[in-house]
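**Q** quick one, fold the following:
(2 chains)
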2 protein chains.
Amino acid sequence: MARVVVDVMLKPEILDPQGQAVQRALPRLGFDGISDVRQGKRFELEVDGPVDEAALARIHDLAESFLANTVIEDFTVHVDEVAEAAK
Amino acid sequence: MARVVVDVMLKPEILDPQGQAVQRALPRLGFDGISDVRQGKRFELEVDGPVDEAALARIHDLAESFLANTVIEDFTVHVDEVAEAAK
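**A** Numbering: from 1, shown residues only, chains lettered A, B, ... in the order given. Next up is the predicted model:
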């Protein structure tokens, strides 16, 4: 079993109020030197069977049609190297 | 300027209803072979200045005290290699 990670982030041109709220709170909490924060979603999928090109293509379709709203969000699909190496 | 990523996921022993909802919907949508889905948060921090060990330690503290609820969530901090390589 392998783990595939789908990261979904708002596109750079889309306002991110959650990230802004975090960024503005940081100096108050004593953390300086962070000029921008963006908040997005991370999905960890446990895939049965081998993660070959066909499986990744399927997960790409899944992410595009279902996990991300591609009008306002970008996404990336990658195999979780840490989980792979721990086997 | 460098980008540091903080991934925050529910601990494995904590129930994840959002991830379960996604996982249960997948077969209906024609995607089989995914046995588990966990949903978490991804924060992208733009850091002024060099990202050395001290900066990463500061961001680790920030994530621990502010971005994650360490009672129910695990987090990882890493430099975004893709953003670094694109420079």
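**Q** tell me which element residue A:35 falls in.
**A** Assigned by DSSP states H and E, residue A:35 belongs to strand A:34-47.
**Q** do that strand and chain B come into contact?
**A** Yes - Strand A:34-47 is in contact with chain B by Cβ under 8 Å from any Cβ of the partner chain, via A:34-47. The way it works is simple: take the backbone N, C-alpha and C, and place the C-beta from them, glycine included.
**Q** so where's chain A shaky on pLDDT?
**A** In the predicted model of chain A, residues A:82-87 satisfy pLDDT under 70.
**Q** any idea which helix is longest in it?
**A** Criterion DSSP state H: the longest helix present in chain A is helix A:17-28.
**Q** residues of that one that come out buried?
**A** For helix A:17-28, burial by neighbour count (16 or more other Cβ atoms under 10 Å in any protein chain shown) applies to A:19, A:22-23, A:26.
**Q** how about the residues of chain A by chain B?
**A** When proximity is defined as Cβ under 8 Å from any Cβ, chain A approaches chain B at A:1, A:7-9, A:19, A:22, A:25-26, A:29, A:31, A:33-49, A:55, A:58, A:61-62, A:65-67.
**Q** which of these count as buried?
**A** Of these, these count as buried by 16+ other Cβ under 10 Å: A:7-9, A:19, A:22, A:26, A:31, A:34, A:36-47, A:55, A:58, A:62, A:66-67.
**Q** show me what the longest helix of chain A is packed against.
**A** strand A:34-47, strand B:34-47 (3 or more Cβ pairs under 8 Å, 6 or more residues apart in numbering or on different chains; DSSP states H and E).
**Q** my read: residue A:55 touches residue A:61, true?
**A** No - applying Cβ atoms under 8 Å as the test, residue A:55 and residue A:61 come out as separate, 10.9 Å apart.
**Q** follow-up on the earlier one: quick one: strands adjacent to the strand holding residue A:35?
**A** The pairing partners recorded for strand A:34-47 under DSSP bridges are strand A:2-10 (antiparallel), strand B:34-47 (antiparallel).
**Q** distance between it and the chain's centre?
**A** 4 Å (Cα atoms, centre = their mean, to the nearest Å).
**Q** how about stretch A:31-51?
**A** Between the centre of stretch A:31-51 and the centre of its chain there are 4 Å (Cα atoms, centre = their mean).
**Q** CA atoms only: put that stretch into CSV for me.
**A** The C-alpha coordinates for stretch A:31-51 follow below in CSV (Å, rounded to 0.1, in the frame of the first residue of the first chain):
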residue,chain,number,x,y,z
PHE,A,31,7.1,35.8,15.3
ASP,A,32,8.6,38.3,12.9
GLY,A,33,10.1,37.9,9.4
ILE,A,34,7.2,36.0,7.8
SER,A,35,5.9,38.1,4.9
ASP,A,36,3.1,36.0,3.6
VAL,A,37,1.1,32.9,4.6
ARG,A,38,-1.2,30.9,2.4
GLN,A,39,-3.4,28.2,3.8
GLY,A,40,-4.5,25.2,1.8
LYS,A,41,-5.6,21.6,2.1
ARG,A,42,-3.5,18.4,2.1
PHE,A,43,-5.2,15.0,1.3
GLU,A,44,-3.4,11.8,2.1
LEU,A,45,-4.7,8.9,0.0
GLU,A,46,-3.9,5.3,0.8
VAL,A,47,-3.8,3.5,-2.5
ASP,A,48,-4.3,-0.3,-2.9
GLY,A,49,-1.9,-1.9,-5.3
PRO,A,50,1.1,-0.3,-7.1
VAL,A,51,1.3,3.4,-7.7
